[in-house]
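A.B. asks: Sequence and predicted structure below; questions after.
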Amino acid sequence: MNTMTLWHITGWEFAALALAALLVGFSKTAVSGANTVSLAVFAAVLPARASTGVLLPVLIVGDLLAVASYRRHAHWPTLLRLFPAVVVGVVGGTLYLMWADGTVRISIGAILLLMAGVTLWRRRRTETGTAEEPEPETTGVGRLKAPSYGVLGGFTTMVANAGGPVMSMYLLSAGFRKLGFLGTAAFFFLIVNVGKLPFSVALGLIDGRSLILDAALAVFVVPGAFLGKWAVKHINQRLFEQLVIAATIVGGLQLLLR
């Protein structure tokens with residue numbers, strides 16, 4: 001089995017995982033995508049495949065808390081456009097994990113940095129008044145945006161639990177305001193992460209022993225979520241978008257340099 005248990009790690013390692021779990025809660029209710037730092041901590045403490053399996057239930061706890069906080073702000077038409085493509089990405093990621101060699105993290109990191117760069121470029125053009133009108137989803141290019149982001153988001157979340165920055169860039173490009181962004185992201189990741197559970201169990205990444213470690217770490221997600229909910233009330237829209245882009249860049253760099 002590729003799972004890890006509570007008895008395989010030292011006290012300092014558990015402390016690092018607990019801090020990462022607290023950050024998961026914060027990111028789910030405040031700055032989506034910031035949990036890529038948690039991904040890095042889990043991967044540093046645990047073997048690569050084991051870290052993916054242990055982190056998933058922790059993320060689901062954060063998703064449940066985010067849904068409870070922002071459920072009224074979700075935009076379901078956007079979610080329904082994304083999900084068919086996400087399923088394709090998750091299946092592709094599962095097939096990849098059967099013979100993964102680890103190089104995919106470098107590719108994902110490069111993609112995230114590219115997406116963050118394009119987003120910053122478009123925002124700069126908008127601020128200077130030289131940007132073109134955003135491509136509506138009724139045009140050819142616009143109709144391709146949701147499927148392409150959906151496939152990439154499903155693949156990255158299955159392979160590396162790194163779908164957060166991908167969807168953050170999509171939701172920003174779609175013009176979501178702060179609460180709509182958080183509510184839509186909350187339902188998206190709850191549904192996607194729960195859907196990943198059977199695949200992760202089938203791959204041997206999750207079992208009863210690893211869930212004991214998850215139960216211990218889930219305790220720390222709760223205060224992180226409350227901290228995030230408090231913080232988001234004090235973050236204006238511009239700062240919120242800047243933090244989301246910064247989190248994407250950090251996530252891309254840590255995947256690229258690992």
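C.D. replies: It's in.
A.B. asks: Show me the helices in the stretch 151-258 of the chain, by range?
C.D. replies: According to DSSP state H, counting those that start in this stretch, the stretch 151-258 of the chain carries its helices in the segments 163-173, 178-202, 208-232, 237-257.
A.B. asks: So for Ala43, which of those sits nearest?
C.D. replies: Closest approach to Ala43 among the helices of the stretch 151-258 of the chain (Cβ to Cβ): helix 237-257, 8.8 Å. C-beta: built from backbone N, CA, C; applies to glycine.
A.B. asks: which strands and helices sit next to the closest one?
C.D. replies: Secondary structure elements in contact with helix 237-257, counted by 3 or more Cβ pairs under 8 Å, 6 or more residues apart in numbering; DSSP states H and E, are helix 36-45, helix 104-128, helix 163-173, helix 178-202.
A.B. asks: Is it possible to get CSV of those helices that adds distance to Ala231?
C.D. replies: Formatted as CSV, these follow (distance: least, Cβ to Cβ, whole Å):
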stretch, distance to Ala231
helix 36-45, 16
helix 104-128, 22
helix 163-173, 17
helix 178-202, 12
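A.B. asks: so which of these gets nearest Leu217?
C.D. replies: helix 36-45 (9.5 Å).
A.B. asks: in stretch 162-176, what counts as buried?
C.D. replies: Neighbour-count burial for stretch 162-176, counted by 16 or more other Cβ atoms under 10 Å, picks out 162-174, 176.
A.B. asks: give me the number of residues near the closest residue to Leu211 other than its chain neighbours?
C.D. replies: Spatial nearest neighbour of Leu211, excluding adjacent residues (Cβ to Cβ, 6 or more residues apart in numbering): Pro57 at 6.5 Å. When neighbours are counted by other Cβ atoms under 10 Å, Pro57 registers 21.
A.B. asks: Tell me which of the helices of the stretch 151-258 of the chain is the most buried.
C.D. replies: Of all the helices of the stretch 151-258 of the chain, helix 163-173 has the most neighbours on average by mean count of other Cβ atoms under 10 Å, namely a mean of 26.
A.B. asks: Would you mind getting the angle between it and helix 36-45?
C.D. replies: 170 degrees (axes from the mean of the first three to the mean of the last three Cα atoms, to 10 degrees).
A.B. asks: and Leu55, how far is that from Leu65?
C.D. replies: Leu55 sits 16 Å away from Leu65 when distances are taken as Cβ to Cβ, to the nearest Å.
A.B. asks: got it, and Val24?
C.D. replies: Between Val24 and Leu65 the computed distance is 10 Å (Cβ to Cβ).
A.B. asks: Now the common contact residues for those two.
C.D. replies: Between them, Val24 and Leu65 share the neighbouring residues Val221, with contact defined by Cβ atoms under 8 Å, 6 or more residues apart in numbering.
A.B. asks: out of those two, which sits in the more crowded spot?
C.D. replies: Ranked by neighbour count (other Cβ under 10 Å), Val24 and Leu65 place Val24 first, with 32 against 23.
A.B. asks: Helix, strand or coil: sort out that one for me.
C.D. replies: Per DSSP: H, G, I helix; E, B strand; the rest coil, the local secondary structure of Val24 is helix.
A.B. asks: Please work out how many residues are found near Met158.
C.D. replies: By the criterion of other Cβ under 10 Å, Met158 has 29 neighbours.
A.B. asks: what's the spacing between the closest residue in space to it that isn't next to it in sequence and Ala231?
C.D. replies: If the residues on either side of it in the chain are set aside, Met158 comes closest to Gly93, at 2.8 Å by Cβ to Cβ, 6+ apart. Applying Cβ to Cβ, one obtains 31 Å for the distance of Gly93 from Ala231.
A.B. asks: Same check on Thr156?
C.D. replies: Taken as Cβ to Cβ, the spacing of Thr156 relative to Ala231 amounts to 26 Å.
A.B. asks: same thing with Arg238?
C.D. replies: Using Cβ to Cβ, we find Arg238 at a distance of 15 Å from Ala231.
A.B. asks: Ala85 now?
C.D. replies: 32 Å.
A.B. asks: cool, and Ala21?
C.D. replies: Spatial separation of Ala21 from Ala231 under the definition Cβ to Cβ is 17 Å.
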